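Visitor: sequence below, structure please.
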Amino acid sequence: MEPKSKSQIKREMLALQSLGEQLVKLGPDRLNRMDIDPDLREAVIHAGTLGKGEALRRQMQYIGVLMRDIDPEPIREALEAIAHGRGQDARLFQKLERWRDELIEGNEETLAEILVSTKIENLPFVVIEILPPRLLVMVVRVRGF
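Guide: Numbers count the residues shown, from 1 in each chain. Purely as a prediction, here's the structure:
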């Protein structure tokens with residue numbers, strides 16, 4: 001195997017530093033849920049407290065140095081999962097907004113749709129209390145109570 005050129009080493013370092021920048025953008029709450037090296041976590045959290053400037057640049061270089069000693073693939077996978085999850089979160093939020101708007105308009109079918117798609121253990125008792133009889137029949141057929 002050929003030794004790496006200085007350019008190749010620099011490209012790899014910049015890629016790790018870029019990965020570190022993505023970690024800094026996550027924020028401490030999501031970062032604490034990730035399984036990463038404690039020193040790296042501390043460095044990333046500290047970078048989040050720095051303003052723009054030379055101190056942040058040096059901290060990002062330090063993060064890149066720390067990342068040389070770990071396998072970056074699990075971090076990449078976690079960041080991709082988070083990015084993918086944000087799209088799912090946005091779709092769910094849009095669905096909830098649509099339901100809210102329809103409920104405000106008095107659309108009873110939306111209430112039935114919500115009850116059909118919701119997993120509530122005591123749903124039969126809730127349904128009996130609040131649903132009009134014609135919608136109750138629809139929910140019972142779909143949920144199979």
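
Visitor: how about the secondary structure of the spatially most central residue of the chain?
Guide: The residue lying closest to the centre of the chain (Cα atoms, centre = their mean) is Ile82, at 3.9 Å. Assigned by DSSP: H, G, I helix; E, B strand; the rest coil, the conformation of Ile82 is helix.

Visitor: name the nearest residue to it, sequence neighbours excluded.
Guide: Excluding the flanking residues, the one nearest Ile82 by Cβ to Cβ, 6 or more residues apart in numbering is Arg30, at 6.7 Å. C-betas here are computed from N, CA, C, even on glycine.

Visitor: now Gln17
Guide: In space, Gln17 comes closest to Gly64 once its chain neighbours are excluded; the distance is 3.8 Å by Cβ to Cβ, 6+ apart.

Visitor: tell me the secondary structure at that neighbour.
Guide: Following three-state DSSP, the label given to Gly64 is helix.

Visitor: any idea how far Arg98 is from it?
Guide: 44 Å (Cβ to Cβ, to the nearest Å).

Visitor: who has more neighbours, these two?
Guide: Using other Cβ atoms under 10 Å as the criterion, Gly64 and Arg98 rank with Gly64 on top: 20 against 11.

Visitor: so what's the more buried one up against?
Guide: Applying Cβ atoms under 8 Å, 6 or more residues apart in numbering to Gly64 gives the contacts 13-14, 16-17, 20.

Visitor: apply 6 Å and report the result again.
Guide: 13, 16-17, 20 (Cβ atoms under 6 Å, 6 or more residues apart in numbering).

Visitor: what about Trp99, which helix or strand?
Guide: Here Trp99 is covered by helix 73-104, with elements defined by DSSP states H and E.
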